[in-house]
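>>> the following comprises the amino acid sequence and a computationally predicted model.
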Amino acid sequence: MAAIPQNPPAPRRKVSRHRGEGQWAVGHFTPLNGNEQFKKDDDGLNVRTRIETIYSKRGFDSIDPSDLRGRMRWWGLYTQRKPGIDGGKTAVLEPEELDDEYFMLRVRIDGGRLTTAQLRVIGEVSQEFARGTADITDRQNIQYHWIRIEDVPEIWNRLEAVGLSTTEACGDTPRVILGSPVAGIAEDEIIDGTPAIEEIQRRVIGNKAFSNLPRKFKSAISGSPLLDVAHEINDVAFVGVEHPEHGPGFDLWVGGGLSTNPKIGVRLGAWVPLEEVADVHEGVISIFRDYGYRRLRNRARLKFLVADWGPEKFRQVLEDEYLERRLADGPAPAQPVRRWRDHVGVHRQKDGRFYVGFAPRVGRVDGATLTKIAELAESHGSGRVRTTAEQKMIVLDVEEAQVDSLVEGLEALDLTAEPSSFRRGTMACTGIEFCKLAIVETKARGSALIDELERRIPDFDEPITINLNGCPNACARIQVADIGLKGQLVLDDRGEQVEGYQVHLGGALGLEAGFGRKVRGLKVTSEELPDYIERVLTRFQAEREDGERFAAWAARASEEALS
């Protein structure tokens with residue numbers, strides 16, 4: 001592997017006279033916006049010392065603004081939304097007017113891997129310091145709210161004592177590495193990516209060679225044939241495949257991402273053996289650091305560089321400048337045999353034991369519940385639990401005689417292993433309750449929607465994803481849901497501005513990945529949402545062809561049928 005240059009790296013090409021896109025690799029080192037300036041002024045990783053020695057002792061008002069709204073993200077901290085500010089003011093108020101004096105704190109859980117000891121500490125921290133909050137995200141993390149700056153050092157001490165971390169859980173950094181939650185245990189697994197995740201963690205996380213990226217960098221590694229880590233929408237992804245000559249390894253994808261300019265990742269056509277995944281990951285993240293666009297924040301994701309270069313050039317630069325070797329060509333992954341990729345339900349492991357996946361409501365749990373899950377997992381399993389990329393959880397290593405008892409214990413916590421399609425398929429971001437970017441409510445709305453749809457269409461049993469997002473940034477993947485709901489203010493029948501959603505229909509992940517269709521003018525108020533979804537799903541049931549998925553029907557249906 002070629003030596004990785006320090007921050008900033010030496011120029012690889014002749015320095016240009018113009019500012020260009022702020023790419024370091026062509027000599028553009030002068031910061032072109034405020035974010036690039038504060039990163040140049042001080043590495044975000046350095047803010048931990050100030051939190052521990054100054055801010056936690058002197059309180060919220062002592063925090064430097066560049067740390068408060070910038071560098072503290074490198075340690076998983078965002079200020080949360082001040083209560084009582086409606087969605088119409090989100091884009092109007094200054095940051096200091098939106099900031100509460102409490103923080104969201106994100107605990108990174110690479111590969112979704114947890115022990116019951118870790119889960120118990122997460123629950124205890126939630127109850128003692130976060131008013132019981134502890135949401136499961138669609139990136140396998142746990143998010144707290146109501147965190148005081150005074151408590152952060154003690155929270156770190158407790159998390160780190162059991163091997164957990166908030167390092168680079170946010171910021172312009174290598175974020176949590178998604179991994180198959182059943183890596184190493186699933187009967188149908190192609191290859192276990194866990195060693196690669198561990199090696200990437202060792203090399204990259206907390207390493208100042210990679211702590212100043214143009215923007216966030218999302219990674220995913222899975223050897224599951226269910227394609228269970230949303231590889232299509234990550235900056236880099238390694239997808240398990242069987243090479244006809246070399247055996248099991250990974251297919252390499254780059255340049256995926258959603259937000260306001262969504263792009264599906266592209267295959268580079270390269271096969272990567274397990275022992276080389278960390279090298280290739282390091283090469284891809286180095287390309288992003290060195291060639292990524294730093295002038296405009298809305299073009300600073302890897303997906304824009306990949307779109308401009310194309311997969312052929314990207315692979316060539318990766319091989320020639322960073323790996324200094326050729327990658328083997330390889331096959332694409334096979335089509336998944338199941339629509340659901342969340343591992344919910346009771347499934348046999350390759351060692352004869354079972355894992356049990358269960359569905360919280362839109363990822364919302366609390367510290368007391370997490371502590372009880374840890375107790376159930378200890379008494380029924382081996383002490384291993386997992387989070388999924390679909391806001392779900394899994395208990396591993398359950399003996400057959402213990403399965404029914406575990407399922408009953410989970411049911412008592414309102415955590416079902418046999419959820420309805422609506423509970424299983426509904427996802428929601430944080431929303432206006434805590435997020436400063438949000439315009440509408442999501443978590444409570446999504447939970448109430450599940451109840452209403454179960455009541456209205458109790459026999460609906462088709463796989464369906466309903467994703468609610470509080471703003472256009474797509475943290476809940478609205479563009480790739482069967483029914484994606486983008487929060488915005490809309491006019492009701494009385495001409496009054498109320499909370500509502502723009503509707504996307506027929507998005508999907510998998511090898512038929514694509515973005516949902518927008519019907520012109522189709523917006524729904526929050527109050528009308530159950531009526532609208534009931535109407536569309538009823539039409540789908542009436543009009544679908546044998547075996548037709550909702551996404552396929554939505555692509556061919558008339559605008560009248562979708563309205």
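Okay, I see it. Numbering: from 1, shown residues only.

>>> quick one: which helix or strand includes Q37?
Here Q37 sits within helix 34-41, counting by DSSP states H and E.

>>> would you mark the buried spots in that helix?
Taking 16 or more other CB atoms under 10 Å as the neighbour-count basis, helix 34-41 is seen to contain the buried residues N35, E36, F38, K39. Glycine gets a C-beta too; all of them are placed from N, C-alpha and C.

>>> quick check: closest non-adjacent residue to the first one.
Just to be clear, that refers to N35. R297 (6.3 Å; CB to CB, 6 or more residues apart in numbering).

>>> next, count neighbours for that neighbour.
A count of nearby residues for R297, using other CB atoms under 10 Å, gives 15.

>>> so it versus W74, what's the distance?
Applying CB to CB, to the nearest Å, the value for R297 to W74 is 16 Å.

>>> how close does D531 sit to L449?
D531 sits at a distance of 11 Å from L449 (criterion: CB to CB).

>>> try H243
Remark: distance between H243 and L449 (CB to CB) = 44 Å.

>>> the more surrounded of the two?
Set side by side, H243 and L449 give different neighbour counts by other CB under 10 Å, the larger being at L449 (21 against 17).

>>> is it correct that that one is in contact with A428?
No. L449 is beyond contact range of A428, at 9.0 Å (criterion: CB atoms under 8 Å).

>>> overlap in contacts, the two.
L468 (CB atoms under 8 Å, 6 or more residues apart in numbering).

>>> tell me what the helix holding Q37 is packed against?
Under the contact definition 3 or more CB pairs under 8 Å, 6 or more residues apart in numbering; DSSP states H and E, helix 34-41 sits against no other helix or strand.

>>> any idea of the mean pLDDT for that helix?
On average, the pLDDT along helix 34-41 is 97.

>>> next helix or strand past that helix?
Toward the C-terminus from helix 34-41 - assigned by DSSP H and E - lies helix 47-50.

>>> residues in contact with that following helix?
Outside helix 47-50, the residues within contact range by CB under 8 Å, 6+ apart are D64, D67, R71, M72, W74, W75.

>>> in a markdown table, list those along with neighbour count.
Formatted as a markdown table, the entries for those read as follows, by neighbours: other CB atoms under 10 Å:
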| residue | neighbour count |
| --- | --- |
| D64 | 16 |
| D67 | 22 |
| R71 | 24 |
| M72 | 27 |
| W74 | 26 |
| W75 | 22 |
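
>>> so A542 sits in a helix?
Yes. Assessed with DSSP: H, G, I helix; E, B strand; the rest coil, A542 lies in a helix.

>>> quick one, phi psi at the nearest residue to R81 once chain neighbours are set aside?
The shortest distance from R81 to any residue other than its chain neighbours is 4.7 Å, reached at K436 (CB to CB, 6+ apart). In terms of degrees, to the nearest 10, the main-chain angles of K436 are phi -70, psi -20.

>>> what about K436, neighbour count?
Other residues near K436 come to 22 when the count uses other CB under 10 Å.

>>> any idea which helix or strand carries the residue most central in space within the chain?
Nearest to the mean C-alpha position of the chain, counting by CA atoms, centre = their mean, stands R139 at 3.1 Å. Following DSSP H and E, there is no helix or strand that holds R139.

>>> look up how far A359 lies from it.
In this view, R139 and A359 are 17 Å apart by CB to CB.

>>> contact partners for W309?
W309 sits in contact with V317, where contact means CB under 8 Å, 6+ apart.

>>> also the one 4 residues further on?
Applying CB under 8 Å, 6+ apart to K313 gives no contacts.

>>> that one sits in which helix or strand?
Counting by DSSP H and E, K313 is part of helix 311-317.

>>> what's the following helix or strand after that helix?
Past helix 311-317, the next helix or strand by DSSP H and E is strand 328-329.

>>> hmm, who's touching that following strand?
For strand 328-329, the external contacting residues (CB under 8 Å, 6+ apart) are H243, H246, G269, A270, W271.

>>> the nearest residue to the third one once chain neighbours are set aside - how many residues pack around it?
Meaning G269. The shortest distance from G269 to any residue other than its chain neighbours is 5.7 Å, reached at D329 (CB to CB, 6+ apart). Here the number of neighbours of D329 (other CB under 10 Å) works out to 10.

>>> for A270, see how far away D329 is.
When CB to CB is the yardstick, D329 and A270 sit 7 Å from each other.

>>> for T369, same thing?
The spacing between T369 and A270, counted by CB to CB, is 43 Å.

>>> higher neighbour count, the two?
A side-by-side neighbour count of T369 and A270, using other CB under 10 Å, places A270 first with 21 against 18.

>>> the helix or strand that contains the more buried one pairs with which strands?
Secondary-structure assignment from DSSP H and E places A270 in strand 266-272. In the sheet, strand 266-272 lines up against strand 247-254 (antiparallel), strand 328-329 (antiparallel) (DSSP bridges).

>>> can I get those strands in JSON lines with distance to L468 and mean pLDDT?
Compiled in JSON lines, the strands paired with strand 266-272 are given as follows (distance: least, CB to CB, whole Å; pLDDT from 0 to 100):
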{"stretch": "strand 247-254", "distance to L468": "27", "mean pLDDT": "98"}
{"stretch": "strand 328-329", "distance to L468": "41", "mean pLDDT": "98"}
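
>>> tell me if E499 really is in a helix.
No. Assignment of E499 by three-state DSSP gives strand, placing it outside any helix.

>>> shaky segments in the stretch 151-300 of the chain?
In the prediction, the stretch 151-300 of the chain carries no residues with pLDDT under 70.

>>> also the chain?
In the predicted model of the chain, residues 1-19, 511 satisfy pLDDT under 70.

>>> let's see it at 50
Scanning the chain with the threshold set as pLDDT under 50 gives 1-11, 13-18.

>>> all strands for the stretch 201-350 of the chain, in order.
For the stretch 201-350 of the chain, the strands defined by DSSP state E, counting those that start in this stretch cover 217-222, 236-243, 247-254, 266-272, 328-329, 345-348.

>>> rewinding a little: what is the nearest of the buried residues of helix 34-41 to E96?
Closest approach between the buried residues of helix 34-41 and E96, by CB to CB: F38, at 16.0 Å.

>>> contacting residues around that closest one?
F38 sits next to S66, G70, R71 when contact means CB under 8 Å, 6+ apart.

>>> helix, strand, or coil at V176?
If you use three-state DSSP, then V176 falls in the strand class.
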